[in-house]
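[1] Got a sequence here, can you model it:
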Amino acid sequence: MADKTTYTLIEPIKVVKKVEGADPVESLITDVPFKLMRPKDMRCMDAHQGEQGKSIALVAHMTGLTISQVDGMHPKDYEALARATSGFIPSGQVTGSAA
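    Numbers count the residues shown, from 1 in each chain. Here you go, the predicted model:
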């Protein structure tokens, strides 16, 4: 498996870069790099509350986007990127059968 793959966004993300003494520069993010997840990458979720907050933080961490950019992305883009990380997010407590 490659260490990094690229996801092409359905809806590009507009980025406005402000440079002191110059006009703002706009650009579009159309492709998002997505790195191979390592267990250490899940630590980025510790500072966030709620299942969605943790998922958004993980997508941002794995793609290099900001949380604000992930918050504003097209729902299908978020769904695809979140699905790619979902196998790494621990589910609830595992319980055995009652004896």
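[2] Surely residue 67 touches residue 54?
    No. At 11.2 Å, residue 67 and residue 54 do not qualify as touching, with contact defined as CB atoms under 8 Å. Where C-beta positions appear, they are placed from N, C-alpha and C, glycine not excepted.
[3] Which one of these two is surrounded by more residues?
    With neighbours defined as other CB atoms under 10 Å, residue 67 and residue 54 compare such that residue 54 has more, 19 against 14.
[4] gap between the more buried one and residue 46?
    Separation of residue 54 from residue 46 (CB to CB, to the nearest Å): 8 Å.
[5] Residue 66 too?
    18 Å.
[6] Residues touching the lengthiest strand in the chain, excluding its own?
    In the chain, assigned by DSSP state E, the strand with the most residues is strand 4-17. With CB atoms under 8 Å, 6 or more residues apart in numbering as the test, strand 4-17 has contacts from 24-36, 63, 65, 69, 72-74, 76-77, 80-81, 84.
[7] how about that strand: buried residues?
    Judged by neighbour count (16 or more other CB atoms under 10 Å), strand 4-17 contains these buried residues: 9, 12, 13.
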